[in-house]
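Q: After the sequence you'll find the predicted model.
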Amino acid sequence: MVKVPNRLATKQNLLKEIERLKKEQNTLDAPITDLEIQPQLVSAIATLMQDLEESNPFPRPLLYANTLLDGAWLLEYSTAREIRALKRLPLGFQVGKVYQIIDVNNGSFENKAWVRHSSGLLSGYVRVTATFEPAKQDDDIFPNRQINIDFKQRFLGIERIFGIKTNLLDPFRVVEAKNPVGRTPSLNLTYIDETIRVGRGGDGSLYILSKAKM
């Protein structure tokens, strides 16, 4: 008999482990990445993530759970290259909370990372907009869970200077977002419920997000 993971217990253990790691790293706002923790902890998170995926209540989320996908999500953990880069910003800048805001009806989303300077003099954001659609050639084992992504624009903005809100530099730069050469960016929605979402990028990157209010 195949042992089915206890979904609620697995989810609680996964979130508790991430919270514990954030406290250890003194980074309660920013997401944790695999480069900041020991390899055995990376493996432990991957195992918990896989157990949660095996108990997914909506194995076809784009067909039966698209309303759950809608709204704001807070990034808790990722192995993605772009998130690793955010954790290594130059010139004393530090990343804070990273959100993904999804509009299912319009097939669009944006990734928004809050950024502040260690001196406290400046704070702002990095924002990327994109559109998405269900993959036309989805896998046969778990259909209706893969989306293809088209990144549109990247915004850089400063919202506060010396703690005072300003619109002068909001945004100060808007450029075309670059999609990978030779492949279509994609994401497999491997787990979703009312409070947590797990995904795997087409490049093998992992994402764990919790439902949020902004």
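A: Okay, I see it. Numbers count the residues shown, from 1 in each chain.

Q: Any regions of this structure where pLDDT drops low?
A: Applying pLDDT under 70 to the chain flags residues 1-5, 28, 137-143, 214.

Q: which helices and strands does the host helix or strand of Leu21 pack with?
A: Assigned by DSSP states H and E, Leu21 belongs to helix 7-24. Helix 7-24 sits against strand 32-33, helix 39-54, strand 71-78, strand 196-201, strand 206-212, with contacts defined as 3 or more Cβ pairs under 8 Å, 6 or more residues apart in numbering; DSSP states H and E. From N, CA and C alone the C-beta is placed, and that goes for glycine too.

Q: Tell me the first helix or strand C-terminal of the second one.
A: Translated: helix 39-54. Of the helices and strands lying after helix 39-54 in sequence (DSSP H and E), the nearest is helix 61-64.

Q: Same question for that following helix: list its buried residues.
A: 61-62 (16 or more other Cβ atoms under 10 Å).

Q: Also stretch 147-164?
A: Buried, per 16+ other Cβ under 10 Å, within stretch 147-164: 147-149, 151, 154-160.

Q: For this structure, which residue occupies the most central location?
A: Closest to where the C-alpha atoms of the chain average out (Cα atoms, centre = their mean) is Leu75, at 4.2 Å.

Q: just to revisit the earlier point, hey, C-alpha coordinates of the helix holding Leu21 in CSV?
A: This file holds the C-alpha atoms of helix 7-24, laid out as CSV (Å, rounded to 0.1, in the frame of the first residue of the first chain):
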residue,chain,number,x,y,z
ARG,A,7,-1.5,17.0,3.9
LEU,A,8,-2.2,19.3,6.9
ALA,A,9,0.7,18.1,8.9
THR,A,10,3.1,18.3,5.9
LYS,A,11,2.0,21.8,5.2
GLN,A,12,2.4,22.9,8.8
ASN,A,13,5.9,21.3,9.0
LEU,A,14,6.9,23.0,5.7
LEU,A,15,5.8,26.5,6.8
LYS,A,16,7.3,26.0,10.3
GLU,A,17,10.7,25.1,8.8
ILE,A,18,10.7,28.1,6.5
GLU,A,19,9.7,30.4,9.4
ARG,A,20,12.5,28.9,11.5
LEU,A,21,15.1,29.5,8.8
LYS,A,22,13.9,33.1,8.3
LYS,A,23,14.5,33.7,12.0
GLU,A,24,17.9,32.1,11.9
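
Q: Heading C-terminal from the lengthiest strand in the chain, find the next helix or strand.
A: In the chain, taking DSSP state E as the definition, the longest strand is strand 146-161. Per DSSP H and E, the first helix or strand lying C-terminal to strand 146-161 is strand 164-165.

Q: who touches the helix or strand that that next one is followed by?
A: With elements assigned by DSSP H and E, the helix or strand that comes after strand 164-165 is strand 173-176. Applying Cβ atoms under 8 Å, 6 or more residues apart in numbering, the external contacts of strand 173-176 come out as 152-156.
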